[in-house]
Each structure stands twice: as structure tokens, then as C-alpha cells.
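> sequence and predicted structure, then a few things I'm wondering about:
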Amino acid sequence: MADHPSAFVTGYPIRHSRSPLIHGYWLRQFGLDGSYRAVEVAPDAFEGFIRALQDNGFVGGNVTIPHKEMAFSLCGKRDSAADEIGAVNTLWFENGILRGGNTDAYGFLANLDALSPGWSERRSALVLGAGGASRAVVFALKQRGFTDIRIVNRTVARAQELADRFGIAGGAHGWDALPELLKGASLIVNTTSLGMSGKDELVIDLTGADSDALVTDIVYVPLETPLLRAARSRGLQTADGLGMLLHQAVPGFEHWFGKRPDVTAELRNLVLADM
Ligand code: ATR
């Protein structure tokens, strides 16, 4: 490995990213002489930034909004998750070639595996939203063998597009179908931006949801979203979105620094203290 390997997270804007805190914690934990920092890059400068990565001493990094699709087209080789999801969030070099991966689906599954072992035995899911985050979640569920996936979205055409992309016949619905779709779902996932601080609340009536359903939200600011609060008040099992953020960071760290880090309670508390 290079002396003092250096990795980055880039987005526009990037100041709210928790990634430097997460990777900084792991670097200290392993006692590694490496660094990880946020670099703000405007969209028109992104391609130049990527082409100069090695010259600038970077071993790789993370890419976030609005660069994930551009990163997808700039890397020499991609993993199957990135290809299926259509976006790259992690970059690293392998034999001098820039590789692109998408770790969101991994993070989603690893978080639920850690919190609720056996959660995927009943393979029926209700996914709220049909944007980029939903693509990663639907890909993850397909990968895990889910056979019954229902996608609900305000714009039904987008849900249909997603269902077609992943071969889910009859899987696209509008919000009006929700009461019916809740029945029988073993997993309910919010992938919309609703419930996030500053956005509209996700108002959802969970009457009719199975009593053993697991409810999860990819939103993590606030940690307890209106959806998770509603689920808890009905006695349903919940998983918040912070765990997915922490777990999706693991493969990148391993690529850049050669060690596989753990998502510890201490790390979670460190990030929570910063929120
Ligand atoms: P991301 O990449 O984070 O998933 P996105 O592609 O903008 O972001 O998708 C946001 C999701 O939140 C979409 O499913 C969007 O619904 P539409 O496809 O109909 O736009 C959903 N969303 C955002 N604001 C919403 C609102 N006020 N009501 C219902 N759904 C909303």
C-alpha cells in the first residue's frame, strides 16, 4: 500500500457529510497512517477531478450527490451492484484501473442483518419511493431472493420504470393502494425524502401491517422519523437509517486501507453526537 494513503468524499455541497468522521474513526482504530477528507467539487469540475486522482495522491474515495451518475460513466470497470443500480458511490484503483462500485445495497442488507438476524426469511417487501435510493434497495432485495416486492410512489410511472428494470411484474402502485399493500409485507422501507428534517412528514397509517413486520427508513436525520415513531407505537420492529450509512462505508475503507472495519456502538455514538 502507498505511504500515507489518502481517500476522499466528494459532492456538491459536501460540508454535511459524516463520512470523514466515520473513516477517521476507523483510521485511528487501526492506527493507520492514512487520511480521508471531504473535497467539494462543482459539477463542471468533476471530470477533471476524477482524471487527476492518482496525480493528486488519492487511492480512491466516495462520491455523493450530484456526482454518482457521472462517476458511473467515468470509471473503467464497475461492480455488478453499480451496473444494476446505475450509480457509483465508491471508487478505488485496481492494477491502475479506476473501479467503481455501489455499496448502498450492501449497507442496507448488512444493517438489517446486524439488527435483526433472520429478517429476510419471509421475502415480501413494500418499498415506498422510486428514486435513486429505491433502486439500491430494490436491487438489494432482489439479490437477497425477495420474490414479492411492491413499489409505491407518487409518480406511478417512475415506480413502473423501476419494476420493469428489475423484472417485478405488477409491482408498481400509487399511494392510494397502500392500505391493501401493507397486508402481508414482512418489510416496509421508506426510501423517499419524506420525514427528513425540513421536508414534509411521511404520514402513513400502519393499520393492517403484519404484527411481525420490520419497518425501516433510509432517512437518518432525524433518527426517529415519523414512520419509525408510528411503527414503534404499534409495537412493530424498526431499524433506523444511520446503520445503513455506517455499513455502506465498510467496503470502501477495505478497498483503500486494506482492513475490514467494524460498525461499533462507539462509532454510532460518535456520529450521533455530531448530529
Ligand atoms: P433519491 O435519489 O434520494 O431517492 P429522488 O430520485 O429525488 O431522490 O427520489 C425521491 C423520492 O421521494 C421519489 O420517490 C419521490 O417521488 P416522485 O418520484 O413522485 O417525485 C419521493 N418524494 C419526494 N417528495 C415527495 C412528496 N412530497 N410526496 C411524495 N413523494 C415524494
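That came through fine.
> could I get the contacting residues of Tyr220?
Tyr220 makes contacts with Asp240, Gly241, Leu242, Met244, Leu245, as judged by C-beta atoms under 8 Å, 6 or more residues apart in numbering. (Each C-beta comes from the backbone N, C-alpha and C, glycine too.)
> quick one: contacts for the third one?
The one in question is Leu242. Going by C-beta under 8 Å, 6+ apart, Leu242 touches Tyr220, Leu223, Arg268, Val271, Leu272.
> just His255 next, same as before
Gly60, Thr90, Trp92, Gly101.
> out of the residues you listed, who's the most crowded?
Counting neighbours by other C-beta atoms under 10 Å, Thr90 leads the contacts of His255 with 29 neighbours.
> does Phe8 count as helix, strand or coil?
Secondary structure for Phe8, judged by DSSP: H, G, I helix; E, B strand; the rest coil, is strand.
> now it: how far from Asp205?
Distance, Phe8 to Asp205, by C-beta to C-beta, to the nearest Å: 43 Å.
> out of those two, which sits in the more crowded spot?
Between Phe8 and Asp205, Phe8 has the larger neighbour count (other C-beta under 10 Å), namely 25 against 11.
> related to what we said a few turns ago, inside helices: which ones of the contacts of Tyr220?
Using DSSP state H, the subset of the contacts of Tyr220 located in helices is Leu242, Met244, Leu245.
> export the residues you listed to a markdown table and append columns for pLDDT and distance to Ile188.
Shown next, in a markdown table, are the ones in helices among the contacts of Tyr220 (pLDDT from 0 to 100; distance: C-beta to C-beta, whole Å):
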| residue | pLDDT | distance to Ile188 |
| --- | --- | --- |
| Leu242 | 97 | 18 |
| Met244 | 97 | 15 |
| Leu245 | 97 | 19 |
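> what residues does the stretch 51-200 of the chain put near the ligand?
129-134, 153-155, 158, 191-194, 200 (C-beta under 6 Å from any ligand atom).
> farthest-separated two in these?
Spatial extent of these (C-beta to C-beta) is set by the pair Gly132 and Asp200 at 18.9 Å.
> same drill for those two, tell me which one is more crowded.
Higher neighbour count among Gly132 and Asp200: Gly132, with 16 against 11, using other C-beta under 10 Å.
> correct me if wrong: the more buried one contacts Val88.
No. With contact defined as C-beta atoms under 8 Å, Gly132 does not count as touching Val88 (11.5 Å).
> shared neighbours of these two, anything?
Listed as contacting both Gly132 and Val88 by C-beta under 8 Å, 6+ apart are Lys68.
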